[in-house]
Every structure is written in C-alpha cells, then in structure tokens.
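Asks: no sequence on this one, just coordinates:
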C-alpha cells in the first residue's frame, strides 16, 4: 500500500480480521493512532506546522502528509492532526512549546473515533450508497478530506489513493457505518 | 434535495449537511443593564417571519461546522446570495428585483 498517502500512519490493524474482502472492494480496520483536534488563528499556523512536521493546509478540503504525519483541513480555523500512537506526547509538547502563549487549542481526541480503509475499484461506488458527495477524481482528487454524512452518521472521508478512502466515524457509530457498508456491498456479490 | 453552497468549504453540498439557524443580523443589546424588558423581548423572541426574501443564518454542521448567512426566498427555497458571517447585510430589495420577484 506504499502508493497511498501517509502509508506508515494509516495501516490496517493486523489483529483484526477484514470486515469485507471482495475482489472489487475490501474494508479493513485501521490500527490505533494519535488524533488531535487543533484550532488556532492564521498567525500561528506556520509555527504549528513546523512543530508538527507537516504544514497545515489552508485550502479548503485538502490535506498535507508525510509518511508519519497528516494534517487535515476541517474548517477555516480547525484541523485534524494524525500521528503514530507513540508520538502522542511528542506532538503535544512540540506544538505547545512552539506556540507558547499564542491562543490555540490542541486536544487529544485519539479515542473519539475509529477508522476503516475502503479500497478497491468499487470503493467510491460503495461510499456513494450513503454519502451524497461527488467522489469522481476530478472533483474529489487524492488528498481531499471532508466531514459529511453517511446515511445518518457523521463521518470524515479522506481519499488516500485513487481507489482508497479512509472513513472515520465516532466509536459508537462505527458499527452502524461499517455494518451498512458491508451490507451494501452484498449487492456487488450478488451481481 | 437542495444544494447549498458553503462559503468556507467553497463547495455545494446536500441540504442534509446543513441546519438553518433562524433570522440573521439580530444584534444582542450592547448594554444589557440599561435594556428594558420590552427590548429584551424584541431581541429574544420577536422575528419577522418573512414570506419572501429573507436573510438567515445557516450552519454547515456536518461539514466545516461554521455559521454563515444566506438570503433565501422562503416561498421557493431559492438561495439568492450566500455570504460569510461578519459581512454586511445585502440589500434585500435589490436582490429581489434582480431575481425578478
């Protein structure tokens, strides 16, 4: 999966069996990682980006990644930062010491949500069974990230490859989201 | 389904991602201590409930989470103008004329 964004960060959880494994689409649980909700003013962005290791994107719905870091645009003053689990403390002290007294909020929300990777040629089709967003490559290129609704659950979708998406939902909604995805995929099996 | 343009995400999204936040441009009294009960009632409860062109607050709650303002025709549901919070209230009559209402 080395051609995907943040390939060292978003890795399938080795201990979990795949939720779905069809030829055209598969769903894998993502191994735990450190997630942060970061809010700050424009003046602090550059410093925060340097401290985190990847610049914070200012263009709506985009993301910036390295192999072990990801900064996702959530709103005009809000970002989701992803890092490996073991770097949790390093990120907090790094950004905290760099920004000092500048007003900002960095909150550890690692356990708030869970993520799955949806891959395969039918991945976009499968997500579109519950998401009213045009997922074609022209309007939703690789790297695009957005919060939206999947059926009735709020989710975050992030395209990490032409045929690969990360779908993140709050822990208590994940059974609903993953369950519906698996159920909708039965249509592919039947075809 | 309505498609609504979010000025922060700079994209059109389905109506289900949004919530309407009621009438826009209602300013809280600047000096609460000197405000009379009648003025509080006016601020808290009295809304124009326009049939036609009205400025409303909307929130992209299942997207970027931000509030913005929109001028909407409450009869046809047509959005005439969408602008960010903090920008001046547009001339509703001029917008109505432009739209031929």
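Replies: That came through, no problem. Please read all numbers here as calculations on a predicted model, not as lab measurements.

Asks: Report the contact partners of residue A:105.
Replies: Residue A:105 makes contact with A:37, A:38, A:39, A:40 under the criterion C-beta atoms under 8 Å, 6 or more residues apart in numbering or on different chains. (Each C-beta comes from the backbone N, C-alpha and C, glycine too.)

Asks: Now do the SS call for it.
Replies: Secondary structure for residue A:105, judged by DSSP: H, G, I helix; E, B strand; the rest coil, is strand.

Asks: State the next helix or strand along the chain beyond the lengthiest strand in chain A.
Replies: As assigned by DSSP state E, the longest strand anywhere in chain A is strand A:153-161. Going down the chain from strand A:153-161, the next helix or strand is strand A:164-170, by DSSP states H and E.

Asks: My reading is that residue B:93 is in a strand; is that accurate?
Replies: No: with three-state DSSP as the criterion, residue B:93 is helix rather than part of a strand.

Asks: Assign residue A:39 to helix, strand or coil.
Replies: In terms of secondary structure, residue A:39 is strand; the call rests on three-state DSSP.

Asks: typo on my end, residue A:91
Replies: When classified by three-state DSSP, residue A:91 comes out as helix.

Asks: That one contacts residue A:35, doesn't it?
Replies: No: with contact defined as C-beta atoms under 8 Å, residue A:91 does not count as touching residue A:35 (10.2 Å).

Asks: got the residue ranges for the helices in chain B?
Replies: Secondary structure of chain B (DSSP state H): helices at B:37-44, B:92-98.

Asks: which helix is the longest one in chain A?
Replies: For chain A, assigning by DSSP H, the longest helix comes out as helix A:174-190.

Asks: Who are the packing partners of that one?
Replies: For helix A:174-190, the packing partners by 3 or more C-beta pairs under 8 Å, 6 or more residues apart in numbering or on different chains; DSSP states H and E come out as strand A:20-21, strand A:26-29, strand A:113-119, helix A:123-127, strand A:153-161, strand A:164-170.

Asks: If we use 7 Å, what do you get?
Replies: For helix A:174-190, the packing partners by 3 or more C-beta pairs under 7 Å, 6 or more residues apart in numbering or on different chains; DSSP states H and E come out as strand A:26-29, strand A:113-119, helix A:123-127, strand A:153-161.

Asks: how about the residues of chain A near chain B?
Replies: Residues of chain A that fall close to chain B, judged by C-beta under 7 Å from any C-beta of the partner chain: A:60, A:61, A:74, A:75, A:76, A:132, A:146, A:147, A:148, A:149, A:154.

Asks: contacting residues for residue A:22?
Replies: Shown here is residue A:22, whose contacts under the criterion C-beta atoms under 7 Å, 6 or more residues apart in numbering or on different chains are A:185, A:188, A:189.

Asks: what about 10 Å?
Replies: By C-beta atoms under 10 Å, 6 or more residues apart in numbering or on different chains, the residues touching residue A:22 are A:120, A:122, A:126, A:182, A:185, A:186, A:188, A:189.
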